[in-house]
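Asker: here is my input, please return the structure:
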Amino acid sequence: MLHEALKQTNLTAEETRALEKALKQVKTKFAKVVTNAVIYGSTIKQSEPVKRKDLNVLVIMNQKDNDVARSLEEVLEQVDKKIKLDLKILSLEEYVAEAHLESSFYRKVTQEGVEIYKNDELLEPVSS
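Answerer: This is a model prediction of the structure:
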């Protein structure tokens, strides 16, 4: 999914490697809680490469857990010293609330964002 998604962006090879490392950590250590990851920002889809200070990354978890969110943030911030990941971690419930409010953050993510990770197993409804 990542490489297909990145075709929609102007990320550098270094930024791409940083995201690959970050997603490897997500899949290895946080697969039971992370449902989605989206990169976003006004420069992500520009046709020309841009010198960025950081990459905005939204990480959505299946439920609110501050300890897990803190651990996730610590792990992802250590992925690459040259590429700063500016993380926003929300629960699925919090993200849905942003959608209902049609907040500026939600609009920014939906208009500028590119989904780079989706865990379908966590998103499927549980049958009774």
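Asker: spatially central residue in the chain, please.
Answerer: A37 (2.8 Å; CA atoms, centre = their mean).
Asker: and that one, helix, strand or coil?
Answerer: The local conformation at A37, judged by DSSP: H, G, I helix; E, B strand; the rest coil, is strand.
Asker: is it true that it touches V57?
Answerer: Yes: the pair A37 and V57 qualifies as a contact (CB atoms under 8 Å) at a distance of 6.3 Å. Where C-beta positions appear, they are placed from N, C-alpha and C, glycine not excepted.
Asker: and the residue nearest to the centre of the chain, how far from S47?
Answerer: Computed with CB to CB, to the nearest Å, the distance linking A37 and S47 is 24 Å.
Asker: cool, T110 as well?
Answerer: 21 Å.
Asker: and the residue nearest to the centre of the chain, bridged to which residues?
Answerer: Counting by DSSP bridges, A37 is bridged to V59, Y117.
Asker: which stretches of this protein form strands?
Answerer: 34-40, 54-61, 84-91, 114-118 (DSSP state E).
Asker: was I right about N56 contacting I83?
Answerer: No: taking CB under 8 Å as the contact criterion, N56 and I83 are not neighbours in contact, 12.0 Å apart.
Asker: with mean pLDDT and distance to K7 added, can I get the strands of the chain in TSV?
Answerer: Supplementary listing: these in TSV, determined by pLDDT from 0 to 100; distance: least, CB to CB, whole Å:
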stretch	mean pLDDT	distance to K7
strand 34-40	95	13
strand 54-61	94	16
strand 84-91	94	20
strand 114-118	94	9
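Asker: turn these into JSON lines, including distance to T28.
Answerer: Shown next, in JSON lines, are the strands of the chain (distance: least, CB to CB, whole Å):
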{"stretch": "strand 34-40", "distance to T28": "11"}
{"stretch": "strand 54-61", "distance to T28": "15"}
{"stretch": "strand 84-91", "distance to T28": "16"}
{"stretch": "strand 114-118", "distance to T28": "13"}
